[in-house]
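**Student:** here is the input, now give the coordinates:
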Amino acid sequence: MFSIELTEDAELRPLEPWQAAEFLAHMDRARATVDPWIPWASVSTDLASATATLQRYADNTARDTQRLYGIWLDGTLVGGTMFVAFDARSGNCEVGCWLEPAATGRGLITRAVRVLIDWAIRTRGMHRVEWHCNPANTASSNVARRLGMTREALLRQSYPWQGVRNDTEIWAVLATEWA
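**Tutor:** Sure, this is the predicted structure:
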């Protein structure tokens, strides 16, 4: 089992199906702020559905198409980051994140996503790493900026959530730009 220190009191490590109860408790604390941005927050509402969410990521990790990592602060799961999509053959992937309110403002997401991007580019040879977010989620856009990503597109009304069509910003960094 590995863990990567993000700060003196925070670490990044794999989030797996055996941790479903802890993940569910975290989702219960984070759902109101996470759900508008990450669709699986609203589908992880009991132990069975939380386990299914984590199992789907575990299965896709085995297929080398997705990965999921949790962020623990003082031993409590407070958020995470993931490869939403991971295509080693094309050299393209997408990273994403979430964080419960109690852990915001500490730079945890920027640090955690930097670890994922660095691994994707330096270890796995990815050429392009994307970040998709709703432009109304300024915290997410700000992380992309801090990571040196370039805003490449705005997909207008690209997905529905609670009966409203929402926009998606696409940010990216290329391997040649990653220092």
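
**Student:** SS state for E94?
**Tutor:** Under DSSP: H, G, I helix; E, B strand; the rest coil, E94 falls in the strand class.

**Student:** is it bridged to anything, and to what?
**Tutor:** Judged by DSSP bridges, the bridge partners of E94 are A85, E130.

**Student:** ok, and the closest non-adjacent residue to A153?
**Tutor:** I170 (4.3 Å; Cβ to Cβ, 6 or more residues apart in numbering). (Glycine included, C-beta is placed from N, CA and C.)

**Student:** hmm, I typed the wrong one, I wanted T53.
**Tutor:** S44 is the one closest to T53 (Cβ to Cβ, 6+ apart), at 4.7 Å.

**Student:** go on, L24?
**Tutor:** A50 (4.0 Å).

**Student:** next up, identify which helix or strand A50 is on.
**Tutor:** If you go by DSSP states H and E, A50 is part of helix 47-62.

**Student:** next SSE downstream of that helix?
**Tutor:** strand 67-73.

**Student:** pairing partners for that following strand, with directions?
**Tutor:** strand 10-14 (antiparallel), strand 76-87 (antiparallel).

**Student:** looking at those strands, which is buried most?
**Tutor:** Ranked by mean neighbour count, these are led by strand 76-87 with a mean of 22 (mean count of other Cβ atoms under 10 Å).

**Student:** low-confidence ranges in this protein?
**Tutor:** The model of the chain has pLDDT under 70 over residues 1, 40.

**Student:** circling back: okay, the strands paired with strand 67-73 in a markdown table with distance to E177 next?
**Tutor:** Formatted as a markdown table, these follow (distance: least, Cβ to Cβ, whole Å):
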| stretch | distance to E177 |
| --- | --- |
| strand 10-14 | 23 |
| strand 76-87 | 19 |
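
**Student:** returning to that earlier point: the residue nearest to T53: what secondary structure?
**Tutor:** When the rule is three-state DSSP, S44 gets the label coil.
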